[in-house]
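Enquirer: Curious how this folds, go ahead:
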Amino acid sequence: MHLSVVVPTLNGRDRLAAGLDALAEAAPDAEVVVVNGPSADGTTGMVRDRDDVDVLVEISDRTLNVARNAGIRAASGDAIAFLRYDFAVEERWLDGVTDGLEEAAAVTGPSHQTLRAGMTTETLERRTICGRDVTYFNGGNVAFHRDALEELDGFDEYLLTGGARDVAHRLAGVGEAVTWRPEMSVRTEYEADGGVKERDWGWKYRALGYRLAKNYGFRPTVARRTFKHAGTDAFSAARDVIHGDATPTGWFGTGKDVVGGMATGISDGLVARARDRTTTRNPHGCSKRTDRAVATYDWR
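Expert: As a prediction, this is how the structure comes out:
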């Protein structure tokens, strides 16, 4: 197996450097493809000074799924892994990738995050939707057979968020499995000065509505799941208002974003489903563009 590892990054030079160090130690023979968004922190120079990166692709788009597809186009391996720039692979990560891909089209593993009060670890998540068994995975720690990615035409570039979950739905749709290997573990540290990132509620529900409508059509199950998510978040936001952690004006504004995002996502998802009636369900995929890369540095 010839493994390529695609690492999308944007303004993450120091953490990217630490992640590349860990990757070079755990998987020294892997082909490493760094896809750099329009970073302004010296990422390009740092990567070009290293001898363990095989390809650097510079893109002008800040969208993660665009970066992932650019990495697929640049990678030469018959297996392709995706690694978040601030994840450091652990010692047996490559064993987990190798063993998992002998069993399934895709493999993922746990992500350990060190916090002030201890450590959190992700676990496997599965759902059954419209009779389809979907296994979700962390898009920052997953590996695929190239044939499976090509069958799906990569990631859907319409999505600003939720691209990995969309791929999970489409993998299940073509009958491919995702397996879990605890050896395929990564770690990241708590960033003390990182603050709390404000959630874009509109895009959360736009992405949810889009991927459900695109993959399943407008069925009662789709509407029920979408409104269930909205109801849970609305209750949580209302509780924040009661406790004084949010304002009623903010709560109503969030509700407006949720409804608007949901309506737009479902509408666009149904259009996407009509545009691509194949099991690929990807009218915005890897093959649809040729202009992702602004510059490519290839040292292979």
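Enquirer: For the stretch 1-150 of the chain, just list every one of the helices.
Expert: Ranges of helices in the stretch 1-150 of the chain, per DSSP state H, counting those that start in this stretch, are 13-26, 43-48, 64-74, 93-101, 146-152.
Enquirer: closest to residue 135 out of those helices?
Expert: Each of the helices of the stretch 1-150 of the chain was scored for nearness to residue 135 using C-beta to C-beta, and the closest is helix 93-101 (11.9 Å). Any C-beta I mention is one placed from the backbone N, CA and C, and that applies to glycine too.
Enquirer: Give me the contact list for the closest one.
Expert: The contact list for helix 93-101, computed with C-beta atoms under 8 Å, 6 or more residues apart in numbering, reads 1, 3, 26-27, 30, 79, 81, 106-109, 143-145, 179-186.
Enquirer: If any of those residues are buried, give me the PyMOL selection for them.
Expert: PyMOL command restricting those to the buried ones, with burial defined by 16 or more other C-beta atoms under 10 Å:
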select buried, resi 3+26+27+30+79+81+106+107+108+109+143+144+145+179+180+181+183+184+185+186
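Enquirer: just checking, which of the contacts of helix 93-101 belong to strands?
Expert: When strands are assigned by DSSP state E, the members of the contacts of helix 93-101 inside them are 3, 79, 81, 106, 107, 108, 143, 144, 145, 179, 180, 186.
Enquirer: quick one on the thing from earlier: ok, which of the helices of the stretch 1-150 of the chain comes nearest residue 211?
Expert: With distances scored as C-beta to C-beta, the stretch of the helices of the stretch 1-150 of the chain nearest to residue 211 is helix 64-74 (11.9 Å).
Enquirer: just the strands in this structure please.
Expert: When secondary structure is read from DSSP E, the chain shows strands at 3-9, 31-36, 55-59, 79-83, 88-89, 106-108, 111-115, 118-121, 125-129, 132-136, 141-145, 178-180, 186-189, 293-298.
Enquirer: want to throw the helices of the stretch 1-150 of the chain into JSON lines with distance to residue 272?
Expert: Putting those into JSON lines (distance: least, C-beta to C-beta, whole Å) gives the following:
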{"stretch": "helix 13-26", "distance to residue 272": "32"}
{"stretch": "helix 43-48", "distance to residue 272": "33"}
{"stretch": "helix 64-74", "distance to residue 272": "14"}
{"stretch": "helix 93-101", "distance to residue 272": "29"}
{"stretch": "helix 146-152", "distance to residue 272": "14"}
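Enquirer: Thank you, goodbye.
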